[in-house]
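K.L.:
any chance you can model this:
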Amino acid sequence: MPQSKNCESCGREIEYRKKWARDWDQVKFCSDECRRNKNNFDYRDAILELLKKRSAGKTICPSEVLPADQKTDPVMMEHVRRSARLLAVAEQIEITQKGQVVDPSDFRGPIRLRLRS
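P.N.:
Presented below is the predicted three-dimensional model:
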């Protein structure tokens with residue numbers, strides 16, 4: 001069975017499905033929504049810049065990446081979380097909850113971001 005891979009838009013893990021057997025090499029996105037969005041809002045550079053300004057081991061809240069008027073917008077927050085997942089899959093940052101590293105494909109609720117040590 002082929003190995004799973006990560007969505008190029010949101011960073012979530014894509015599990016192999018038998019119906020994709022012929023096209024598995026071309027599968028890049030986990031859903032139609034990800035295919036449509038294709039990271040229209042990419043916050044990876046902004047996340048890395050904020051983290052580099054912090055001391056080693058310090059974290060940021062994903063909302064710190066957004067301007068003040070967008071911090072409560074759930075759609076924009078999801079774009080930041082998508083960018084964070086992509087960075088975590090690329091092993092540049094870690095996503096944490098209550099100080100523990102969580103799986104980038106499978107977390108719910110508030111998170112913090114930190115540079116990988």
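K.L.:
quick one: the strands in this structure?
P.N.:
5-6, 13-14, 59-60, 93-97, 100-101, 112-115 (DSSP state E).
K.L.:
what strands line up against the fourth one, and which way round?
P.N.:
The partner list of strand 93-97 in its sheet, established with DSSP bridges, is strand 100-101 (antiparallel), strand 112-115 (antiparallel).
K.L.:
go through these and pick out the most buried.
P.N.:
Stretch with highest mean neighbour count among the strands paired with strand 93-97: strand 112-115 (a mean of 20; mean count of other C-beta atoms under 10 Å). To be clear about C-beta, it is placed using only N, CA and C from the backbone, and glycine gets the same treatment.
K.L.:
find the nearest non-adjacent residue to the spatially most central residue of the chain, please.
P.N.:
Per C-alpha atoms, centre = their mean, the C-alpha nearest to the average position across the chain is that of residue 85, at 1.7 Å. In this structure, residue 85 finds its nearest non-sequential neighbour in residue 11, 2.9 Å apart by C-beta to C-beta, 6 or more residues apart in numbering.
K.L.:
so what's the residue count around residue 54?
P.N.:
For residue 54, the neighbour count with other C-beta atoms under 10 Å is 13.
K.L.:
that one contacts residue 61, correct?
P.N.:
No. Residue 54 is beyond contact range of residue 61, at 11.6 Å (criterion: C-beta atoms under 8 Å).
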